[in-house]
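**Q** A predicted structure for the sequence below; I have some questions about it.
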Amino acid sequence: MGAFMYHAIVRRKVRNLWRTVGSGEGGWRKAVALAAPDVHFRFVGDTPMGADLRGREGFADWFERFERTFPGLRLTLQDVVVQGPPWNTSVVTRLTVRGTLADGGAYENEAVQWVRLRWGRMVEDTVLEDTLRLDQACRRQEAARAA
């Protein structure tokens, strides 16, 4: 199989995965299942969602915390770029994040994700989101829950 075909297959799989993950309701479990046992996950930024962890368990814990903090938030894949061979594949996605916060206000943000795959397993996942917007949303969620 040529590189073009391999990259097309990976793009299709990433699009299908994001349809599941982005829908909420625990769809993230599929991403965790595809991760290597020692996956390195980073959610960059000094916010309550910031993380730098290793392993599927920590990866799953982060998603559970995200779902508790922002129930109903939807992530939508806008674009995906794939490059590299099966033993060292880079996947870059551009995402939009939308939902309604606990105070009834809208939340919208953008994120970029850089993933490294080794033979179909996610070994690294780094996410960069507008941290100012995210931090403000985290504070609004806390304030609404406290009220």
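**A** Right, received. Where do you want to start?
**Q** If you count neighbours, what's buried in stretch 109-122?
**A** 109, 111, 113, 115-117, 122 (16 or more other CB atoms under 10 Å). No exception for glycine: its C-beta is placed from N, CA and C like everyone else's.
**Q** what is the mean pLDDT for it?
**A** Here stretch 109-122 scores 97 as its mean pLDDT.
**Q** okay, and for this structure, where does confidence drop off?
**A** 1, 24-25 (pLDDT under 70).
**Q** redo that, cut-off 90
**A** 1-4, 20-28, 72, 145-147 (pLDDT under 90).
**Q** after the helix or strand that D61 is a member of comes which helix or strand?
**A** Using DSSP states H and E, D61 sits in helix 56-69. From helix 56-69 onward toward the C-terminus, using DSSP H and E, the following helix or strand is strand 74-83.
**Q** by how many degrees do that next one and helix 56-69 diverge?
**A** On the basis of axes from the mean of the first three to the mean of the last three CA atoms, to 10 degrees, strand 74-83 is oriented at 140 degrees to helix 56-69.
**Q** one step back: sitting in strands, which of the buried residues of stretch 109-122 do you find?
**A** If you go by DSSP state E, those have 109, 111, 113, 115-117, 122 in strands.
**Q** returning to that earlier point: got CSV for the buried residues of stretch 109-122, with distance to G22 too?
**A** Below are the buried residues of stretch 109-122 laid out as CSV (distance: CB to CB, whole Å):
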residue, distance to G22
N109, 13
A111, 11
Q113, 12
V115, 15
R116, 21
L117, 19
M122, 16
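**Q** Which one of those residues is nearest to L75?
**A** Taking CB to CB as the measure, L75 lies nearest A111 of the buried residues of stretch 109-122, at 7.5 Å.
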